[in-house]
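Colleague: starting from these lines, generate the structure:
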Amino acid sequence: MMARIAHQPFKFSDGTYVPPGTYIQVAAHATHCDEDNYTDPNEFKPFRFVDDTAERNGGRKIDMVSTHADFIAFGHGRHACPGRFFAAEMLKLMLAHIVMNYDVEIEGGHPKNMWIMASCIPSTTAEVMLRKR
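Modeller: This is a model prediction of the structure:
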């Protein structure tokens, strides 16, 4: 999530004033679940970003490391996470290894997510069954 402390006074174009020392944070979960940004945001759509590429960005490719104001998991703008490229490659490698070598099943259906402060994470007590192919 993006969090900053204002070191100097700032006034937004709508007149909102931010005094120095104010802690500002972007509401990432609310942004990602906003129906103005995504159709059916709480529904799992694995190709959501692939399908939206041509429509929303005039054909510009959206990849896993692109930053966008509607998807801010890695931040946005010049302060976006520099490790996002490494993280994306590791995630792809791990997923490819699992898909190619194992059958995966979650016992008892999808577990309830956990919240730690402002971060939503998968359940740490869910049981995942892996069977080597």
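
Colleague: only C-alpha atoms for contact and neighbour calcs from this point on.
Modeller: Will do.

Colleague: contact partners for L130?
Modeller: Residues near L130 by C-alpha atoms under 8 Å, 6 or more residues apart in numbering: Y102, D103, V104, E105.

Colleague: what bridges to it?
Modeller: Per DSSP bridges, the residues bridged to L130 are V104.

Colleague: separation between it and L91?
Modeller: Remark: distance between L130 and L91 (C-alpha to C-alpha, to the nearest Å) = 18 Å.

Colleague: before we move on, what about R84?
Modeller: R84 is 10 Å from L91, where distance means C-alpha to C-alpha.

Colleague: ok, those two, which is more surrounded?
Modeller: Per other C-alpha atoms under 10 Å, whichever of R84 and L91 has more neighbours is R84, with 17 against 11.

Colleague: which one is that one nearest to, not counting chain neighbours?
Modeller: Sequence neighbours aside, V65 is the residue nearest to R84 in space, at 6.0 Å (criterion: C-alpha to C-alpha, 6 or more residues apart in numbering).

Colleague: helix or strand for that neighbour, which one?
Modeller: Using DSSP states H and E, V65 maps to neither a helix nor a strand.

Colleague: that one reaches A88, doesn't it?
Modeller: Yes. V65 lies in contact with A88 (C-alpha atoms under 8 Å); the separation is 6.9 Å.

Colleague: show me which of these two is the more surrounded one.
Modeller: The residue with more neighbours, out of V65 and A88 and counting by other C-alpha under 10 Å, is V65; that gives 18 against 13.

Colleague: which residues does the more buried one contact?
Modeller: Listed by C-alpha under 8 Å, 6+ apart, the contact set of V65 reads F74, R84, F85, A88.

Colleague: where does the protein dip in pLDDT?
Modeller: Applying pLDDT under 70 to the chain picks out residues 1, 51-62.

Colleague: which residue is nearest the middle of it?
Modeller: Taking C-alpha atoms, centre = their mean, the centroid of the chain lies closest to A73, which sits 3.4 Å from it.

Colleague: ok, that one to M100 distance?
Modeller: Taken as C-alpha to C-alpha, the span from A73 to M100 is 27 Å.

Colleague: re the thing from before, neighbour count for the contacts of L130 - can I get that in CSV?
Modeller: Output for those, formatted as CSV (neighbours: other C-alpha atoms under 10 Å):
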residue, neighbour count
Y102, 13
D103, 12
V104, 13
E105, 13
